[in-house]
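Asks: What follows is a protein structure lacking sequence information:
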C-alpha cells in the first residue's frame, strides 16, 4: 500500500516533467494498475511507459496486497484521482467541495489502510476512516 501511494504521489510531484506529462503519467499508471488488478494481460507495446522506476516492479506486491486484504479497487483509483486533482488546482467554494477533495487525497488512503490493518465490517468504521482522512488533510491545509 505504501509503494502504491508513494509511486502515485511521485508521479504527480515529478517537477522535472510538465503538468501535462505528469497527468499523462498518472493516466498511464491508472490504466496499468486497473488492468493488472482485473487480471488483464498488459503487453509492453500497448502500455504507456511509466517514468517511475519502481512502478512495474511493485505491481505484483500491490496486486497481492489488494487481493489479500480485499481492498476495493475504487479506493486506489480515488487516490490517483486525488493526486491528479492537485496538478490543476481549482478554487473550492463550499465545505462539501472541500470534503470531496479531502476524500480523494486522504480519506481513500484511510479506507485502504483499514483493509490492510483489518476491521470489523460495519458502516461506521468506513465513515470513521473518511473522517480521520478529512481531519488529517484539514490539519495539513492549515499547517501549509
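Replies: Thanks, I have the structure now. All of these numbers come straight from a predicted model, not from anything done at the bench.

Asks: what's the longest helix in this protein?
Replies: Looking across the chain with DSSP state H, the single longest helix is helix 123-143.

Asks: Show me what that one packs onto, helices and strands only.
Replies: Applying 3 or more C-beta pairs under 8 Å, 6 or more residues apart in numbering; DSSP states H and E, one finds that helix 123-143 makes contact with helix 95-102, helix 108-117. All C-beta spots, glycine's among them, are computed from the backbone N, C-alpha and C.

Asks: The shortest one: which residues count as buried?
Replies: Yep, that's helix 95-102 we're talking about. 99, 101-102 (16 or more other C-beta atoms under 10 Å).

Asks: relative orientation of that helix and helix 108-117 in degrees?
Replies: Relative orientation of helix 95-102 and helix 108-117, computed by axes from the mean of the first three to the mean of the last three C-alpha atoms, to 10 degrees: 50 degrees.

Asks: could we number from 29 for the rest of this?
Replies: Let's use 29 as the start, then, which means that last one is helix 123-130.

Asks: Need the residues that contact helix 123-130.
Replies: With contacts defined as C-beta atoms under 8 Å, 6 or more residues apart in numbering, helix 123-130 is touched by 110, 113, 120, 161-162, 165-166.

Asks: Of these, select the buried ones using a PyMOL command.
Replies: Applying 16+ other C-beta under 10 Å to the contacts of helix 123-130 leaves a buried subset, and the PyMOL line that selects it is:
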select buried, resi 110+161+162+165
